[in-house]
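**Student:** Here is a sequence with its predicted model. Questions after.
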Amino acid sequence: MDKLIEAGAFWSYDQASVRDSISDNQLIEAVLVKLDIKDIDLLFKLFPNSKIKSVWLKTMVVQGDYYYSLNRFYAWYYFHVRYPDRYLKSMLTRHLSRLTA
């Protein structure tokens, strides 16, 4: 948690209560966005792969090009997606079609 605070992940939170007020999903997203591989590896020891993947899909993949390179890496390295580009495009398309349905 200290590394996330130092990295500015929770700049809008009250520093005294940040440890009590963030959810697991917020923690997972912040680690994926702000920290390095060693810390992300620790994240996979704390939470099941399926939970991390779910948060990643709902918060990062849906942002399209903003995290594109990072998402390609996560898809390939952590989630073992054979064709990351196709997968990311299909997940984004699925999200957008749900919004317009």
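**Tutor:** Cool, the structure landed. Numbering: from 1, shown residues only.
**Student:** Buried residues, the helix with the most length in the chain. List them.
**Tutor:** Counting residues, the longest helix found in the chain (DSSP state H) is helix 84-100. For helix 84-100, the neighbour count (16 or more other Cβ atoms under 10 Å) marks Pro84, Tyr87, Leu88, Met91, Leu92 as buried. All C-beta atoms are positioned from the backbone trio N, CA, C, and that covers glycine.
**Student:** As TSV, those with pLDDT and distance to Phe44 would be great.
**Tutor:** What follows is these, written out as TSV (pLDDT from 0 to 100; distance: Cβ to Cβ, whole Å):
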residue	pLDDT	distance to Phe44
Pro84	94	18
Tyr87	94	19
Leu88	93	20
Met91	92	20
Leu92	89	24
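**Student:** Identify, from those, the entry nearest to Ile22.
**Tutor:** Nearest to Ile22 among the buried residues of helix 84-100 is Met91, at 24.8 Å by Cβ to Cβ.
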